[in-house]
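**Student:** below are the sequence and a predicted model for it; my questions follow.
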Amino acid sequence: MNIPVEVPGLDTIIPEIEAGRLLVIESGADSAKSFFVRRLSLSAGRVGCPVTFVTSRDESEVRSLLGMEGEPGEPTKDWLQIMERDGIDSFAEFESNEGVLTVDSFSYLTLNLPPAELASSLRRLRTACRSQKMTAILATDRGMLDARSEAVVTHLSDGYLQFHAREGPEGVLRFLRIPKWMDGKFVDRNIYYEFDGKRIAIDLRRRVL
């Protein structure tokens, strides 16, 4: 089942995430990325997809955040399994999953995997996504993986979405980049947004950074 991208403005560019795909979402020190990942997980649950949420954080903290960020009518029963992990050596345990696999701390959890092992694991996960019609959402922290591992993750993803934040003359400028997407296209411009901790507001006007 496809997952709707329920962020007004962004949904005109990428309306949904196709089932059976592997999506990587990257950022630096910006909490908007984790918010967006949780938002996609909630959207998946709302359309009937079971979600396995793998995280390095406490389960109670993640459930609390999902509860605060949800809306009336959100899924409330049997849609979510949260798994706390300190590391991932293999994705074999997730290869029979259905629905959505969300890994909120992917770069941290795979930090000890050499690039060759990371590539092998991601290929197997990508194959499982295709065969199971499972969607994998991997959240990575910019600069945490070495250059070879980052190249592996980029190459083996079906879609790559980047959150950026830079200091500008009027304060912090936040924008998205989509260097790679499911159908082979990319969005060759900055997609500006604001984030207040509760919602992502997209500004589709072009600006010069």
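**Tutor:** The structure has been received and is ready for your questions.
**Student:** where does the chain have low pLDDT?
**Tutor:** Counting by pLDDT under 70, the ranges of the chain that qualify are 71-77, 185-186, 206-209.
**Student:** tell me the residue furthest from the middle of it?
**Tutor:** Pro169 (29.7 Å; CA atoms, centre = their mean).
**Student:** distance of that one from Asp203?
**Tutor:** Taking CB to CB, to the nearest Å as the measure, Pro169 and Asp203 are separated by 16 Å. In this view, the C-beta of every residue, glycine as well, is placed from N, C-alpha and C.
**Student:** Thr140 too?
**Tutor:** 25 Å.
**Student:** what ranges do the strands span in this protein?
**Tutor:** Using DSSP state E, the strands of the chain run over 3-4, 16-17, 22-27, 51-55, 80-84, 100-103, 135-141, 159-168, 171-180, 187-195, 200-203.
**Student:** can you redo those as JSON lines with distance to Ser34 and mean neighbour count?
**Tutor:** Formatted as JSON lines, the strands of the chain follow (distance: least, CB to CB, whole Å; neighbours: other CB atoms under 10 Å):
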{"stretch": "strand 3-4", "distance to Ser34": "17", "mean neighbour count": "20"}
{"stretch": "strand 16-17", "distance to Ser34": "17", "mean neighbour count": "19"}
{"stretch": "strand 22-27", "distance to Ser34": "8", "mean neighbour count": "24"}
{"stretch": "strand 51-55", "distance to Ser34": "9", "mean neighbour count": "22"}
{"stretch": "strand 80-84", "distance to Ser34": "14", "mean neighbour count": "16"}
{"stretch": "strand 100-103", "distance to Ser34": "10", "mean neighbour count": "26"}
{"stretch": "strand 135-141", "distance to Ser34": "7", "mean neighbour count": "24"}
{"stretch": "strand 159-168", "distance to Ser34": "10", "mean neighbour count": "17"}
{"stretch": "strand 171-180", "distance to Ser34": "14", "mean neighbour count": "17"}
{"stretch": "strand 187-195", "distance to Ser34": "11", "mean neighbour count": "16"}
{"stretch": "strand 200-203", "distance to Ser34": "12", "mean neighbour count": "16"}
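**Student:** could I get the ones you listed as JSON lines with distance to Arg126?
**Tutor:** Listed next are these as JSON lines, based on distance: least, CB to CB, whole Å:
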{"stretch": "strand 3-4", "distance to Arg126": "17"}
{"stretch": "strand 16-17", "distance to Arg126": "14"}
{"stretch": "strand 22-27", "distance to Arg126": "5"}
{"stretch": "strand 51-55", "distance to Arg126": "16"}
{"stretch": "strand 80-84", "distance to Arg126": "20"}
{"stretch": "strand 100-103", "distance to Arg126": "11"}
{"stretch": "strand 135-141", "distance to Arg126": "8"}
{"stretch": "strand 159-168", "distance to Arg126": "12"}
{"stretch": "strand 171-180", "distance to Arg126": "14"}
{"stretch": "strand 187-195", "distance to Arg126": "22"}
{"stretch": "strand 200-203", "distance to Arg126": "27"}
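**Student:** what's the closest of the ones you listed to Arg123?
**Tutor:** Arg123 lies closest to strand 22-27 among those, at 10.0 Å (CB to CB).
**Student:** what's that closest one packed up against?
**Tutor:** Under the contact definition 3 or more CB pairs under 8 Å, 6 or more residues apart in numbering; DSSP states H and E, strand 22-27 sits against helix 32-46, helix 115-132, strand 135-141, helix 147-156, strand 159-168.
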